[in-house]
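Asks: sequence isn't available, so here's the structure alone:
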């Protein structure tokens, strides 16, 4: 099936996605893979040309692997193997990122790939799957109402090259950025703050004064510099703060002076330069009726930790499978409430954490400035030697790489646990090597680890209506030989049960048993 020309805008769809950035494209690609009818519109004239968001975390790489695109991604990325902290012109040690994630994921580094390349890759995959992006198509009105069959649906008025068009869909997803039209039309508050301090960003070529293969973090008493390596010789993304009395009218020449005088960093030319202020905001709801928010439409925060685009891509991944199960009649509409229940707490924790980190590294207070001047020379040389050997070092990697995210699988589970999170249930399936391959089947499944009665396991799968898989023992990953594990299509573990009572326990966690 070939892509529709952008002028042939459908008037009906299962899902209308507004916004063709990374989040909207990822959602549309997954929905097409799951054979869901999706229409993707965007008011821009075409894809992003600036590099913008850059870093891909391990969890995002795992999603690309499940999608079958990881080889194409790896061919375009610049891996960052280490973090080099320092103060002004001095580097004060090396923290190897890759070693912290070894054995936890197939992708134990941080990978740099410009947003423009991400959009191009996902856009090409969407076309290959028979989809398209309808550019120059702006959302102008959005209403929700009951259909003839009693189900709720949304009606969107969009303006495009051919004039005004009405699109009717079962669901609508706003993936249209921090200034989301979908969020505004729904009247959903965007709660949080905007920091007064100005940042500059430059994609620079011919950079001198930084290590190319590493992430460089340099503190100054009044400034901060964070750099990420990009593909190409001496090519870096430079992010920096400017003194408190600066404005958004900061020129590139002024930024160059700060880089050279404070950090000893110079560059030959740049492909992009901009200034901006940091927002820390989360939408008060991720679902309103049959309308959902994803990516920057639902949450925005500082670039500290390189989490932003990754969180949006994971929003899309999470929501796509839930929409598929509901639209295919495998789950009730209420199952979609789990999207907000799972993803909004992630956004709240992320915004809270990055806000605190941002304040710590940029606070203009006298004490904070003194601490940034004195602490790096005392702490960094020791920390870079000691941290990799600490028992909790891998935990740090798991948080930053987003492979340790936890969801409560139900309100009942949360109440019964007393708030104590399980090591496996509610988390992304621990990687053991071979156990990620069946996730490409994009379905619910049962896993067993260690010695297993194959006949009994097969019968369990038949009764539950899901495929089953047996793997070698993996006790070190927390996967017990005495249990069976129910794994969702998105790779999260929905439930675990002792083998003798697995059928009754796991059945309760399947969305279609709720319908029955």
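Replies: Now that the structure is in, tell me what you want to look at. Bear in mind that the values here come from a model prediction, so they are computed numbers and not experimental data.
Asks: please count neighbours and contacts with C-alpha atoms only from this point.
Replies: Will do.
Asks: neighbours of the closest residue in space to residue 472 that isn't next to it in sequence, how many?
Replies: Nearest non-adjacent residue to residue 472, counting by Cα to Cα, 6 or more residues apart in numbering: residue 450, 4.7 Å away. By other Cα atoms under 10 Å, the residues close to residue 450 number 16.
Asks: so what's residue 450 scoring on pLDDT?
Replies: Looking at residue 450, its pLDDT stands at 96.
Asks: what's the answer for the one 5 residues further on, then?
Replies: At residue 455, the pLDDT value in this model is 94.
Asks: do a quick rundown of the strands in the stretch 1-150 of the chain.
Replies: 12-18, 38-41, 55-56, 78-80, 82-87, 90-91, 95-96, 110-112, 133-134, 138-146 (DSSP state E, counting those that start in this stretch).
Asks: just give me the lowest mean pLDDT stretch among those strands.
Replies: strand 95-96 (a mean of 82).
Asks: can you spell out which helices and strands pack onto it?
Replies: Judged by 3 or more Cα pairs under 8 Å, 6 or more residues apart in numbering; DSSP states H and E, strand 95-96 is in contact with strand 82-87.
Asks: and if we set it to 10 Å?
Replies: Under the contact criterion of 3 or more Cα pairs under 10 Å, 6 or more residues apart in numbering; DSSP states H and E, strand 95-96 touches strand 82-87, strand 214-219, helix 366-386.
Asks: name the residue most distant from the centre of the chain?
Replies: Most distant residue from the mean C-alpha position of the chain: residue 455, 39.1 Å away (Cα atoms, centre = their mean).
Asks: measure how far the strand or helix carrying it is from the centre of its chain, please.
Replies: According to DSSP states H and E, residue 455 maps onto helix 454-464. Relative to the centre of its chain, helix 454-464 is centred 35 Å away, using Cα atoms, centre = their mean, to the nearest Å.
Asks: ranges for the helices of the stretch 101-250 of the chain?
Replies: All helices of the stretch 101-250 of the chain, identified by DSSP state H, counting those that start in this stretch, fall at 115-128, 181-186.
Asks: do a quick rundown of the strands in the stretch 201-350 of the chain.
Replies: Under DSSP E, counting those that start in this stretch, the stretch 201-350 of the chain gives strands at 214-219, 224-229, 235-241, 269-283, 287-288, 291-293, 299-300.
Asks: between the ones you listed, which one is nearest to residue 107?
Replies: Closest of these to residue 107 is strand 214-219, at 16.3 Å (criterion: Cα to Cα).
Asks: pLDDT (mean, whole number) over the closest one?
Replies: 90.
Asks: before we move on, what about stretch 325-342?
Replies: 96.
Asks: figure out the length between the terminal residues of that stretch.
Replies: When the termini of stretch 325-342 are compared using Cα to Cα, to the nearest Å, they are 16 Å apart.
Asks: and the next helix or strand past the helix holding residue 455?
Replies: Using DSSP H and E, the next helix or strand after helix 454-464 towards the C-terminus is strand 468-471.
Asks: quick one: list the elements packing against that following strand.
Replies: Counting contacts by 3+ Cα pairs under 10 Å, 6+ apart, strand 468-471 is packed against strand 445-449, helix 454-464, strand 483-487.
Asks: what lines up beside it in the sheet?
Replies: strand 445-449 (parallel) (DSSP bridges).
Asks: residues in contact with the partner strand?
Replies: The contact list for strand 445-449, computed with Cα atoms under 10 Å, 6 or more residues apart in numbering, reads 435, 438-439, 454, 457-458, 460-461, 464-475, 479-489, 491, 493-496, 499, 502, 506.
Asks: please apply the same query to stretch 61-69.
Replies: 26, 29-30, 33, 58-60, 70-74, 105-111, 121-122, 125, 310, 313-314, 317, 401, 403, 436-442, 489-491.
Asks: quick one: buried residues of it?
Replies: 61, 62, 63, 64, 65, 66, 67, 69 (16 or more other Cα atoms under 10 Å).
Asks: swap in stretch 478-490?
Replies: Judged by neighbour count (16+ other Cα under 10 Å), stretch 478-490 contains these buried residues: 479, 480, 481, 483, 484, 485, 486, 487, 488, 489, 490.
Asks: distance of the closest residue to the fourth one other than its chain neighbours from residue 255?
Replies: Nearest-residue entry for residue 483: residue 498, 4.4 Å, with adjacent residues in sequence omitted and distances by Cα to Cα, 6+ apart. Applying Cα to Cα, the value for residue 498 to residue 255 is 60 Å.
Asks: returning to what we had before: distance to residue 195 added to the helices and strands packed on strand 468-471, as CSV?
Replies: Listed next are the helices and strands packed on strand 468-471 as CSV, based on distance: least, Cα to Cα, whole Å:
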stretch, distance to residue 195
strand 445-449, 45
helix 454-464, 51
strand 483-487, 41
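Asks: I figured residue 38 hits residue 9, correct?
Replies: No - using Cα atoms under 10 Å, residue 38 is not in contact with residue 9, being 11.4 Å away.
Asks: more neighbours, those two?
Replies: residue 38 (24 against 21).
Asks: OK, contacts around the more buried one?
Replies: Contacts of residue 38 (Cα under 10 Å, 6+ apart): 10, 12-17, 27-32, 131-132, 169, 171-172.
Asks: against residue 490, how distant is residue 188?
Replies: Separation of residue 188 from residue 490 (Cα to Cα) stands at 27 Å.
Asks: just the buried ones from the contacts of strand 445-449, in ChimeraX syntax?
Replies: In ChimeraX, this line selects whichever of those come out buried by 16+ other Cα under 10 Å:
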select :435,438,439,457,458,460,461,464,467,468,469,470,471,473,474,479,480,481,483,484,485,486,487,488,489,491,493,494,495,496,499,502,506
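Asks: same question for stretch 180-189, mean pLDDT?
Replies: Per-residue scores along stretch 180-189 average to 98.
Asks: do the same with stretch 262-273
Replies: Per-residue scores along stretch 262-273 average to 94.
Asks: and for stretch 154-173?
Replies: For stretch 154-173, the mean pLDDT works out to 95.
Asks: turn the helices of the stretch 101-250 of the chain into CSV, columns for mean neighbour count and distance to residue 407.
Replies: Shown next, in CSV, are the helices of the stretch 101-250 of the chain (neighbours: other Cα atoms under 10 Å; distance: least, Cα to Cα, whole Å):
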stretch, mean neighbour count, distance to residue 407
helix 115-128, 20, 27
helix 181-186, 20, 24
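Asks: can you list those helices in a markdown table and add distance to residue 326?
Replies: As requested, the helices of the stretch 101-250 of the chain are exported to a markdown table (distance: least, Cα to Cα, whole Å):
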| stretch | distance to residue 326 |
| --- | --- |
| helix 115-128 | 22 |
| helix 181-186 | 22 |
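Asks: between the ones you listed, which gets nearest to residue 222?
Replies: Short answer: helix 115-128, nearest of those by Cα to Cα, at 29.7 Å.
Asks: any regions of this structure where pLDDT drops low?
Replies: Filtered on pLDDT under 70, the chain yields the residue ranges 1-7, 51, 243-249, 304-306, 354-393, 514-516.
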